[in-house]
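**Student:** Coordinates for the following, if possible.
(chains A, B, C and D)
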There are 2 protein chains.
Amino acid sequence: MATQKPRTDAQRRAANTPDRPVALLVVIFTVEAGRLQVLLIRRSAPPHRDAWSLPGGLLAEGQSLVDAATRRLEIETGVRDVFLEQLYTFSALDERDSVAVAYWALVDKGSVQLAHRDEWQPDWHHVDDLPKLAFKNTTVVEYASTRLRNKLAYSNVAYSLLPPEFSLSQLQQSYEAILGRALDKRNFRKRITSLGIVEATGRYESEGRHRPAQLYRFLERRPVVV
Amino acid sequence: MATQKPRTDAQRRAANTPDRPVALLVVIFTVEAGRLQVLLIRRSAPPHRDAWSLPGGLLAEGQSLVDAATRRLEIETGVRDVFLEQLYTFSALDERDSVAVAYWALVDKGSVQLAHRDEWQPDWHHVDDLPKLAFKNTTVVEYASTRLRNKLAYSNVAYSLLPPEFSLSQLQQSYEAILGRALDKRNFRKRITSLGIVEATGRYESEGRHRPAQLYRFLERRPVVV
DNA sequence: CCAAAAGTGTTGGCTGTACACCCATGT
DNA sequence: ACATGGGTGTACAGCCAACACTTTTGG
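**Tutor:** Numbering: from 1, shown residues only, chains lettered A, B, ... in the order given. Here you go, the predicted model:
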């Protein structure tokens, strides 16, 4: 029967369908040093004081889900216009009767400026070496990691992990970090270039004592399914 | 920062994060007569009186999302233990400040017994010929149809659309109804049997004046990704 | 014997995978 | 000259798509 007209509190209680706290979580991934990392916040208030948890908060009045997620992402990292997608909606993550809508995002660590706060301090953590997390946030991170690994295979999501120009080696390192295994260089380059999601810029990156690398960029800096 | 301890109403209002109505929708698909159909409810109360909408309702106190979806599905169709999965969470579907969590399900029409009510009467509708729907439910149905078409390619979800024993022709007809195009018979049979998701039962269906068809069953009557 | 639906194989193209060496640069 | 990482081609296997006729049954 879907939703109806606004009701009084009395009506809601009578029907046993009270309004609920709606929480929003964001799983923010980045890749650095060949490892997949996730942004966590150190809790400075109970419950789970001093434990880590995912960034999030309650949905403000009149706020849409995607707005809340975009806002939270920008608050924590300073970045906008990156890959950000709904992940899943959890109930019973905490002891209360809340519903938690999770989003996930990919960011280029180089363009992130983490929030500085005295409390609720954010920091990056390796996904395969997480501390104890508050609530059931470990489940949420695992769910997001699986989605990311799957999505890597049939989309250009990686555009959001790297600076605008990058070498194919950098891209391959990102893939390897996420998938947790080495990829064959020739096959990787063949596949990526034949997918038509990147193009060479003609510029070269020369850093360190080796041959300069051709720089590429993504044709689209928004989600594309291939 | 995720969720915290229960707050007073005064605290919620001060933080501008009031609790919200949480609605649950279920997109229930079936296949019959070579068409993909979806279950809709005729609204007998405002708003959108006499329009059709998806079955749903507000989340009861202490109820988890999957429980609410399971319950709603059983209320409308009488069936349990079928494919049922979370689809997406929408905000701003209606004029209120609600959040709507949509699920989707696949049922075998033969085992469905539609609810009979004086009001809120449910009925099947062809997906490619929907009436005007209340709220933004057309969006929800399209989203679910897309998910279904995708999932058909790499899972055994169809187990939930057919009786326990069925012929490969029946299965193919279901696929064709969902995908909206004809499939090659030999390739279809080769693919399905080589996926190892079905096995022959040794029994035969003889109905009508033609050659009896070998009956098959799904090895697993729960979601499996292949 | 006719209508209706079941059942069955082969081929060509494409895609993915395995695999090893030479090159350009800076020190 | 050497260490570092960049860049490249081929061969084989598996998968998918196209394609048409024979068989069994009931009427």
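
**Student:** Please count neighbours and contacts with C-alpha atoms only from this point.
**Tutor:** Will do.

**Student:** The biggest helix by length in chain A: which residues count as buried?
**Tutor:** In chain A, assigned by DSSP state H, the helix with the most residues is helix A:137-153. Under the neighbour-count criterion of 16 or more other C-alpha atoms under 10 Å in any protein chain shown, helix A:137-153 has A:137, A:138, A:140, A:141, A:144, A:145, A:148 buried.

**Student:** Could you do stretch A:71-90 as well?
**Tutor:** A:71-74, A:76-77, A:79, A:82-90.

**Student:** And the helices in chain A?
**Tutor:** Assigned by DSSP H, the helices in chain A fall at A:9-15, A:65-77, A:137-153, A:168-179, A:185-195.

**Student:** and of the ones you listed, who's closest to residue A:222?
**Tutor:** Residue A:222 lies closest to helix A:137-153 among the helices of chain A, at 13.5 Å (C-alpha to C-alpha).

**Student:** And for the closest one, what's in contact with it?
**Tutor:** With contacts defined as C-alpha atoms under 8 Å, 6 or more residues apart in numbering or on different chains, helix A:137-153 is touched by A:27, A:53-54, A:87, A:93, A:102, A:104, A:127, A:132, A:157-158, A:175, A:178-179.

**Student:** and what of stretch A:37-55?
**Tutor:** A:25-31, A:72, A:76, A:119-127, A:131-135, A:137, B:1-2, B:4-5.

**Student:** can you give me the end-to-end distance of it?
**Tutor:** One end of stretch A:37-55 to the other measures 14 Å (C-alpha to C-alpha, to the nearest Å).

**Student:** Next: stretch A:49-63.
**Tutor:** Using C-alpha to C-alpha, the distance between the terminal residues of stretch A:49-63 is 28 Å.

**Student:** in it, what's buried?
**Tutor:** Buried, per 16+ other C-alpha under 10 Å, within stretch A:49-63: A:51, A:52, A:53, A:54, A:55, A:56, A:57, A:58, A:59, A:60.

**Student:** which residues does residue A:35 form a beta bridge with?
**Tutor:** Under DSSP bridges, the beta-bridge partners of residue A:35 are residue A:32.

**Student:** Surely it and residue A:179 touch.
**Tutor:** No. Applying C-alpha atoms under 8 Å as the test, residue A:35 and residue A:179 come out as separate, 9.9 Å apart.

**Student:** Neighbours of the residue of chain A found nearest DNA strand C, how many?
**Tutor:** Residue of chain A nearest DNA strand C, by C-alpha to the nearest atom of the strand: residue A:209 (3.1 Å). Neighbourhood size, residue A:209 [other C-alpha atoms under 10 Å in any protein chain shown]: 6.

**Student:** Over to it: give its phi and psi.
**Tutor:** Dihedral pair for residue A:209: phi -100, psi 70, per degrees, to the nearest 10.

**Student:** Tell me the confidence at residue A:45?
**Tutor:** pLDDT recorded at residue A:45 is 79.

**Student:** same question, residue A:56
**Tutor:** On pLDDT, residue A:56 comes in at 95.

**Student:** With residue A:77 instead?
**Tutor:** So, for residue A:77, pLDDT stands at 98.

**Student:** And for residue A:2?
**Tutor:** Note on residue A:2: pLDDT of 44.

**Student:** Go through stretch A:123-135 and flag the buried ones.
**Tutor:** By neighbour count, with 16+ other C-alpha under 10 Å as the criterion, the buried positions of stretch A:123-135 are A:123, A:124, A:125, A:126, A:127, A:133, A:134, A:135.

**Student:** And for stretch A:170-177?
**Tutor:** Applying 16+ other C-alpha under 10 Å to stretch A:170-177 flags A:171, A:172, A:173, A:174, A:175, A:176, A:177 as buried.

**Student:** Next, see if it gets close to DNA strand C.
**Tutor:** No. Shown here: stretch A:170-177 not in contact with DNA strand C (C-alpha under 7 Å from any atom of the strand), separated by at least 13.1 Å.

**Student:** what does that stretch contact?
**Tutor:** With C-alpha under 8 Å, 6+ apart as the test, stretch A:170-177 has contacts from A:31, A:34, A:35, A:36, A:152, A:158, A:161, A:162, A:182, A:183, A:185, A:188.

**Student:** circling back: check the buried residues of stretch A:170-177 and tell me the two furthest apart.
**Tutor:** The most widely separated members of those, counting by C-alpha to C-alpha, are A:171 and A:177 (10.0 Å).
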